[in-house]
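In: Any chance you can model this:
(chains A and B)
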There are 2 protein chains.
Amino acid sequence: MTTPYAELSQRLADLTALEEVVGILSWDQEIVMPSGAAEARGRQLATVQVVAHERLTHPRLAELLAGLRQDATLDATQAANVREAQRDVVKAARVPAELVRALAATAVRGHEVWVHARKHKNFQEFAPVLTELVDLAKARAAAIAPHKPAYDVLLDDYEPGMTMARLDPVFARLKEVLLPLIARVRAAPQPDVAWLRQPVPAETQRQVGEAIVRAMGYDFTCGRLDTSVHPFCGGAGPTDVRITTRYDEGAFLGSLTGMIHETGHALYEQGRDLALADQPVSRPRSMGIHESQSLLWEKQVGHCAPFWQAHYPKLQQSYGFLAGKPLSAFLQGVNYVDPNNFIRVAADELTYPLHVILRYELERELFSGTLAVRDLPAAWNARMQGYLGITPPDDAVGVLQDVHWSGGAFGYFPCYTLGALYAAQFYQTAVEQHPEIPEQLAQGAVEPLLGWLRTHVHKVGSRLETDALVTAATGRPLDPEPFLRYATAKFTRLYQL
Amino acid sequence: MTTPYAELSQRLADLTALEEVVGILSWDQEIVMPSGAAEARGRQLATVQVVAHERLTHPRLAELLAGLRQDATLDATQAANVREAQRDVVKAARVPAELVRALAATAVRGHEVWVHARKHKNFQEFAPVLTELVDLAKARAAAIAPHKPAYDVLLDDYEPGMTMARLDPVFARLKEVLLPLIARVRAAPQPDVAWLRQPVPAETQRQVGEAIVRAMGYDFTCGRLDTSVHPFCGGAGPTDVRITTRYDEGAFLGSLTGMIHETGHALYEQGRDLALADQPVSRPRSMGIHESQSLLWEKQVGHCAPFWQAHYPKLQQSYGFLAGKPLSAFLQGVNYVDPNNFIRVAADELTYPLHVILRYELERELFSGTLAVRDLPAAWNARMQGYLGITPPDDAVGVLQDVHWSGGAFGYFPCYTLGALYAAQFYQTAVEQHPEIPEQLAQGAVEPLLGWLRTHVHKVGSRLETDALVTAATGRPLDPEPFLRYATAKFTRLYQL
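Out: Next comes the predicted model:
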């Protein structure tokens, strides 16, 4: 006889499989699909999402969950699995199937239009479909929680429990420390980094990058590395993790650090509890925690001395122009705060939070109704001028630079900065507990650090909610101070402030 | 208000989308999926197939079909759509969901094991999973039609209406004419074809092949060309048609004619009625008719003089060793009846039907129970010796050479020879009606021929059943004589018999 929990697990396994199918269809759409198939792909994605929605809202699933939420015999993992499933079910039950279908189909079209508009540097080409996407997201938020601000409902999609009320003081504190620090960095003598911008053929970059990705512990038997316009980590569960990058032949660093970033995401996915891979409880906790893993590797590790003590000599062998340059000069280049950078994914650690805060503030206004879609480019450019003192020359490097909105993802951007804050908390705690981590990294050994992350983050999955996970790992919940201390110390040293 | 027919169409469109998703997952599995994902992919495919099965057996669908089958107001296309859907529903209703799940999961595992076994030239490694696949296919056939021979039920999957009783006399007639013709060809002076076996880099082959594929009318905005162990035409509907090939650097001809073959399949898919692309009535009629399209282009066109009058000069430019050789010598090479060829996909037109008849006879015996899976290699080799006078040196070029069984596809092989017979019927009729076709081909223009196929085959889809389609197009149903006349005349001329 099947127990209620076993029946629940089978239903959740089917839902996981459908989510994984969406992962493959989305990867395919981005990387290999012929352009003529866009409309058909929209229908395919919409159908799978409607099927998943029907299953998530099946009365039997609600019935099973209602019983199991009262079941005191479940162990902690089972109880967490029930809690996570319940959260999905409640959200899905409130969104009508037709709205799900419209969101999926519009997201596919939005992506195609965005690619074209970005190529032609013309935001207004993208504006009509973006307006549709915003309206659909508002409709969805109203269906889930009619009495909450729409944007709080969207934030909760990516970072459960997060609200504007909780973000505002954190972002205010970041501005308080970072804006003057950026000003001091800008006023300091600027390092020469032009020597780093030598052309490197894409194929050489790929080989060097792949070796570093491999050295970080990425398992290619359960993953791929491809190229795409916007780098991402996608795929279908822990045994099929697919990262992408783009190669700019005139700026190898961006590609290399991008690969390290996506590998951080991928290590999280590959490190999930395989025995529970088809259950919600094994899922990465949230997008903020996901970003903590990519940013920990990209910034705390991949922008600092120990990691490059191991890898810089290999880089020098492949890229001749590095041969005479000391590691200290390379690190100045890696951490260069480019006063003319418009691009979030190319931003340094100091200005990155401001790129995010800009988007957060624009999204808030879009969803509160105080900003119209057609006015986004002007609002974007004004805020970019206000925070970073620069104005993008065109929409492609301004308001059109990110893929997120084209797929209907609003409320996602804050997770990048939450990730930076969590990353600093995790890394500082890991080093406190394993002081040998920096010297092991300097010898090319990721194990003590990766092992700590496996134990305290990857294998935990969604067993704990975000605050509990972060508190269990570091002793306290979200806290901007470790990041601010790290950033202040690092850039004070680099720029001799 | 939604009419019953509109409601049916929506349900069928969802089913088509799910079939297309299976197409993408299968392509992905073959071309890009990391090996570690095999188990997860099995779960994903099984889940989508179970979902499709549930929808196909939904009581509302049966109810709609029951009403619409009596509806005299439907036009011919709508009535055919109802007929095709009904056929799927009846078959699905009889196969339990658990059997569908087991078949899908075992097929994924079968494929992985087959790749490994083939690499290691060891059939016995593959035997256990093949036994499972045979047993599952028997169980499925018994569920569909318990009183029919299992193999007739399997034949009907790929070629609706086909039976052993109907195939036996056709195959007997082929043996009657082809075995003595092959003997005469073997006894004749053999042409020198060694000069064709010069090495050609894979990338050059790809460029030349892609240009020819394009010249045949293949639309790359709705398709792709990739490499795989076993060439195939897959994808997801008429706007996402994906062909593959493999490049043997020592034998460019096999890759080139393989690409022409898969392009024939692809032109059929791309030529479907786009307005009905999400409905069963637009589907290719059967696997036999599908093969008629690939073989028409590969053999009737791509193994004969007119086509190469257009393309041989380009080939000579890319492959220097062809420069001094006349077209007549090239055609002798293209049509060479290699007395030592073990491989079906590399076989010439004369021996190909015997490769198929061999597999047909072994499958018949497997399903009647007179042959055990473990005895397949010996039975294969004995029959190969009997028909073609050769014995494969190992299983990789013998019983393990084809992908079909590893995916649970039994009863498929006869379609290749049905396709060759239909191809001759179609091509001879097209040329009777448009005598300018050969001279147009000689000038590189595919249009009069492609137009005839679009009208009489591609756009017809499944509006007509097989016999009706072939009769409407050529004036008579399946008939081996046009193929036998063509083959006898062609090889008598080539070998000066």
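In: Next, the contact list for the residue nearest the centre of chain A, please.
Out: The residue lying closest to the centre of chain A (Cα atoms, centre = their mean) is A:Glu291, at 4.5 Å. Contact analysis of A:Glu291 by Cβ atoms under 8 Å, 6 or more residues apart in numbering or on different chains lists A:415-416, A:418-420, A:422-423. Every residue, glycine included, has its C-beta placed from N, CA and C.
In: Try it again at 7 Å.
Out: Listed by Cβ atoms under 7 Å, 6 or more residues apart in numbering or on different chains, the contact set of A:Glu291 reads A:415-416, A:418-419.
In: just checking, it is part of a helix?
Out: Yes: assignment of A:Glu291 by DSSP: H, G, I helix; E, B strand; the rest coil places it within a helix.
In: Excluding sequence neighbours, find me the nearest residue to it.
Out: Once flanking residues are discounted, A:Glu291 sits nearest to A:Gly419: 2.4 Å by Cβ to Cβ, 6 or more residues apart in numbering or on different chains.
In: what's the helix or strand for the one you found?
Out: Using DSSP states H and E, A:Gly419 maps to helix A:414-433.
In: Show me how far whatever helix or strand comes next after that helix is from its chain's centre.
Out: Next helix or strand after helix A:414-433 toward the C-terminus (DSSP H and E): helix A:437-442. Put simply, helix A:437-442 sits 26 Å off its chain's centre (Cα atoms, centre = their mean, to the nearest Å).
In: Where is the longest helix in chain A?
Out: Secondary structure of chain A per DSSP state H: the longest helix is helix A:4-31.
In: Buried residues of that helix, list them for me.
Out: A:5, A:8-9, A:11-12, A:14-31 (16 or more other Cβ atoms under 10 Å in any protein chain shown).
In: before we move on, back to that, what about the residue nearest to A:Glu291, how many residues close to it?
Out: Under the neighbour criterion other Cβ atoms under 10 Å in any protein chain shown, A:Gly419 is assigned a count of 27.
In: ok, now A:Tyr486?
Out: A count of neighbours around A:Tyr486, defined by other Cβ under 10 Å, yields 20.
In: Let's verify it: helix, strand, or coil?
Out: With three-state DSSP as the criterion, A:Tyr486 reads helix.
In: Skipping adjacent residues, who's closest to it in space?
Out: Nearest residue to A:Tyr486, sequence neighbours excluded (Cβ to Cβ, 6+ apart): A:Ala424, at 5.1 Å.
In: and the stretch 101-250 of chain A, which of its residues are near chain B?
Out: A:220-224, A:236-237, A:239-240 (Cβ under 7 Å from any Cβ of the partner chain).
In: could these go into JSON lines alongside pLDDT, secondary structure and neighbour count?
Out: Shown next, in JSON lines, are these (pLDDT from 0 to 100; DSSP: H, G, I helix; E, B strand; the rest coil; neighbours: other Cβ atoms under 10 Å in any protein chain shown):
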{"residue": "A:Phe220", "pLDDT": "97", "secondary structure": "helix", "neighbour count": "14"}
{"residue": "A:Thr221", "pLDDT": "97", "secondary structure": "helix", "neighbour count": "9"}
{"residue": "A:Cys222", "pLDDT": "98", "secondary structure": "helix", "neighbour count": "22"}
{"residue": "A:Gly223", "pLDDT": "98", "secondary structure": "strand", "neighbour count": "24"}
{"residue": "A:Arg224", "pLDDT": "97", "secondary structure": "strand", "neighbour count": "19"}
{"residue": "A:Ala236", "pLDDT": "97", "secondary structure": "coil", "neighbour count": "28"}
{"residue": "A:Gly237", "pLDDT": "96", "secondary structure": "coil", "neighbour count": "27"}
{"residue": "A:Thr239", "pLDDT": "98", "secondary structure": "coil", "neighbour count": "25"}
{"residue": "A:Asp240", "pLDDT": "98", "secondary structure": "coil", "neighbour count": "28"}
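In: before we move on, the earlier item: and the pLDDT for the residue nearest to the centre of chain A?
Out: Per-residue pLDDT puts A:Glu291 at 97.
In: Could you measure from it over to chain B?
Out: The gap separating A:Glu291 from chain B is 24 Å, by Cβ to the nearest Cβ, to the nearest Å.
In: Kindly report the same for A:Ala202.
Out: Noted for A:Ala202: a distance of 17 Å to chain B, by Cβ to the nearest Cβ.
In: now do A:Ala62
Out: A:Ala62 is 19 Å from chain B, by Cβ to the nearest Cβ.
In: how about that residue, what does it touch?
Out: When contacts are counted by Cβ under 7 Å, 6+ apart, A:Ala62 touches A:Val89.
In: for the record, mean pLDDT for the strand or helix carrying A:Thr263?
Out: Here A:Thr263 is covered by helix A:252-270, with elements defined by DSSP H and E. The average pLDDT for helix A:252-270 rounds to 95.
In: Counting by contacts, list what that helix packs against.
Out: Judged by 3 or more Cβ pairs under 7 Å, 6 or more residues apart in numbering or on different chains; DSSP states H and E, helix A:252-270 is in contact with helix A:202-215, strand A:233-235, strand A:241-245, helix A:287-295.
In: List the contacts of that helix.
Out: Here helix A:252-270 makes contact (Cβ under 7 Å, 6+ apart) with A:196, A:200, A:205, A:209, A:212-213, A:216-219, A:222-223, A:231-233, A:238, A:241, A:243-248, A:284, A:290, A:293-298, A:302, A:333-334, A:345-346, A:450, A:457-458.
In: What number of residues are in the vicinity of the residue nearest to A:Leu25 when sequence neighbours are not counted?
Out: Once flanking residues are discounted, A:Leu25 sits nearest to A:Leu45: 5.6 Å by Cβ to Cβ, 6+ apart. Counted with other Cβ under 10 Å, residues neighbouring A:Leu45 total 22.
In: So A:Leu45 sits against A:Arg109, correct?
Out: No: A:Leu45 lies out of contact with A:Arg109 (Cβ atoms under 7 Å); the separation is 11.0 Å.
In: got the contact list for the closest residue to A:Ala13 other than its chain neighbours?
Out: Spatial nearest neighbour of A:Ala13, excluding adjacent residues (Cβ to Cβ, 6+ apart): A:Asp278 at 4.0 Å. A:Asp278 sits next to A:13, A:16, B:43 when contact means Cβ under 7 Å, 6+ apart.
In: what's the closest of these to A:Lys138?
Out: Closest approach between the contacts of A:Asp278 and A:Lys138, by Cβ to Cβ: A:Thr16, at 28.9 Å.
In: hang on, the earlier thing: export the contacts of A:Asp278 to JSON lines and tack on distance to B:Leu494 and pLDDT?
Out: Formatted as JSON lines, those follow (distance: Cβ to Cβ, whole Å; pLDDT from 0 to 100):
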{"residue": "A:Ala13", "distance to B:Leu494": "59", "pLDDT": "98"}
{"residue": "A:Thr16", "distance to B:Leu494": "58", "pLDDT": "98"}
{"residue": "B:Arg43", "distance to B:Leu494": "52", "pLDDT": "92"}
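In: how about A:Leu225, phi and psi?
Out: Dihedral pair for A:Leu225: phi -130, psi 120, per degrees, to the nearest 10.
In: The nearest residue to it once chain neighbours are set aside and A:Phe413: what is the separation?
Out: Spatially, and ignoring its direct neighbours in sequence, A:Leu225 is nearest to A:Ile243 (5.6 Å; Cβ to Cβ, 6+ apart). To A:Phe413, A:Ile243 is 20 Å away according to Cβ to Cβ, to the nearest Å.
In: Format the helices and strands packed on helix A:252-270 as TSV; extra columns: distance to A:Pro306.
Out: Below are the helices and strands packed on helix A:252-270 laid out as TSV (distance: least, Cβ to Cβ, whole Å):
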stretch	distance to A:Pro306
helix A:202-215	13
strand A:233-235	24
strand A:241-245	23
helix A:287-295	17
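In: quick one: contacts for A:Leu274?
Out: Applying Cβ under 7 Å, 6+ apart to A:Leu274 gives the contacts A:Pro238.
In: Look up how far A:Pro238 lies from it.
Out: From A:Leu274 over to A:Pro238 the distance is 6 Å, taken as Cβ to Cβ.
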